[in-house]
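1. Below are the sequence and a predicted model; questions follow.
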Amino acid sequence: MEVSPYLLLLIPLIPLILWVAFWTIAYPVMFLYGAITSSSSKRRWRKDVLRRERGTMEKVGRDTLSMDKIRIPLGATESEVIWASIVIGPSHWQQLIGSLYNIIGGSVDVYRDIIAIGRSEVLQRLREIAEEKGFDNVVAVRLDTSMIGTFRSQGKGSKGIEIFAYGTGVKTEVPSSFIVQ
Amino acid sequence: MPSLVDGMHVVNTETIPGFVIKDQLGVVSGSTVRAKNVVRDISQMLKNIVGGELHQYTNLLNESRNEAFSRMLEDAKARGANGVVNLRFATSAVSPGAAELFCYGTAVLVE
């Protein structure tokens, strides 16, 4: 079989062809997929977090997390700092909606929703880690939100919102009774 | 997430339950600046179009945070401390593509 020498000229063009194919075919499909599924996947995620929260609540009978740092549970035997984090990327559809809000102003609900769900997800992860390590209380919980990645207006690179929670896990002999130190 | 490392007591409260703070040895800190790598970034860029959790970045930041944390512990150990109280974390994006993870606390001697 004889390969035409002109075909060899195409080899340097392969990255370009892939690039064009990505932006003309793959990107619109993914963008539309994100646009169509974003609200339903958000709903599914929220439901999942709520289910897990309820599961932990039923098991323990109360919320293990507390922001209290002055009151340490009575009879604490062991303590250690624990943390959990999540990086959420708003879909390009949500970013587009968000940037439209920049023009007219007002509350940007698309971002608010995913950040709110992400925050409850992270707190739930903290509860799960505490349960795994055998801590029955987590005191002095702190939440931290930061931006990760490139934040240019045009979608180059990825945008991520990191939500980070940490606290001190405490093991107690007599759970759910507090003293003021 | 590291567990109790070599008997170091690390908490983000003022006191360590069940222990008495004997001495205060100053502020210790540890930090790390991490850049994302190209392969991870491409896969996460694709994930970003659709939206959702960026697992690779979650893992990357966790690793980096562990590094900052262990650097802080080394600092505390070098001062002869066996505990760190009032631990705080801070994150800042120093350049597009790199994030600084920083943690600091008060090194103490507990009994």
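-> Happy to help now that I have it.
2. residue in chain B nearest to chain A?
-> residue B:51 (2.6 Å; CB to the nearest CB). Where you see a C-beta, it was placed from the backbone N, CA and C, and this is true even at glycine.
3. Would you list the phi and psi of the closest residue in space to that residue that isn't next to it in sequence?
-> Leaving out its chain neighbours, the residue that sits closest to residue B:51 by CB to CB, 6 or more residues apart in numbering or on different chains is residue A:91, at 2.6 Å. Backbone geometry at residue A:91, expressed as degrees, to the nearest 10, gives phi -70, psi 160.
4. Could you list the low-confidence segments of chain A?
-> A:1-2, A:69-75, A:149-158, A:173-181 (pLDDT under 70).
5. Which other helices and strands does the longest helix along it contact?
-> Looking across chain A with DSSP state H, the single longest helix is helix A:27-60. The contact analysis (3 or more CB pairs under 8 Å, 6 or more residues apart in numbering or on different chains; DSSP states H and E) places helix A:27-60 against helix A:92-104, helix A:109-133, helix B:38-50.
6. How about the secondary structure of residue 13?
-> Just so you know, I chose chain A. State at residue A:13, reduced to three classes by DSSP: H, G, I helix; E, B strand; the rest coil: helix.
7. could you do chain B instead?
-> Classified using three-state DSSP, residue B:13 is coil.
8. quick one: the residue in chain A that chain B sits nearest to and residue A:100, what's the gap?
-> Residue nearest to chain B within chain A: residue A:91 (2.6 Å; CB to the nearest CB). As judged by CB to CB, to the nearest Å, residue A:91 and residue A:100 stand 14 Å apart.
9. Between these two, which has more neighbouring residues?
-> residue A:91 (25 against 11; other CB atoms under 10 Å in any protein chain shown).
10. Contacts only, for the more buried one.
-> Contact analysis of residue A:91 by CB atoms under 8 Å, 6 or more residues apart in numbering or on different chains lists A:34, A:35, A:38, B:48, B:49, B:50, B:51, B:52.
11. Mind putting those into CSV with distance to residue B:36?
-> Conversion of the contacts of residue A:91 to CSV gives the following (distance: CB to CB, whole Å):
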residue, distance to residue B:36
A:34, 21
A:35, 26
A:38, 24
B:48, 12
B:49, 17
B:50, 19
B:51, 18
B:52, 17
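12. Name the nearest of those residues relative to residue B:94.
-> Nearest to residue B:94 among the contacts of residue A:91, counting by CB to CB, is residue B:48 at 20.8 Å.
13. thought that closest one was touching residue B:57?
-> No. Counting by CB atoms under 8 Å, residue B:48 does not reach residue B:57; the two are 9.7 Å apart.
14. mind saving the C-alpha coords of the host helix or strand of residue B:27 as CSV?
-> Using DSSP states H and E, residue B:27 falls within strand B:21-35. Extracted C-alpha coordinates of strand B:21-35, given in CSV (Å, rounded to 0.1, in the frame of the first residue of the first chain):
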residue,chain,number,x,y,z
ILE,B,21,-0.6,22.8,79.5
LYS,B,22,2.7,23.3,81.2
ASP,B,23,4.5,25.6,78.9
GLN,B,24,3.9,27.6,75.7
LEU,B,25,6.6,27.4,73.0
GLY,B,26,5.5,30.0,70.5
VAL,B,27,3.6,29.9,67.2
VAL,B,28,4.5,27.1,64.8
SER,B,29,3.5,27.0,61.2
GLY,B,30,3.8,24.9,58.1
SER,B,31,3.0,25.7,54.5
THR,B,32,3.1,24.4,51.0
VAL,B,33,2.4,25.8,47.6
ARG,B,34,1.1,23.3,45.1
ALA,B,35,0.5,23.6,41.4
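15. quick one: which of the contacts of residue A:91 is nearest to residue A:53?
-> Closest to residue A:53, out of all of these and judged by CB to CB, is residue B:52, at 19.6 Å.
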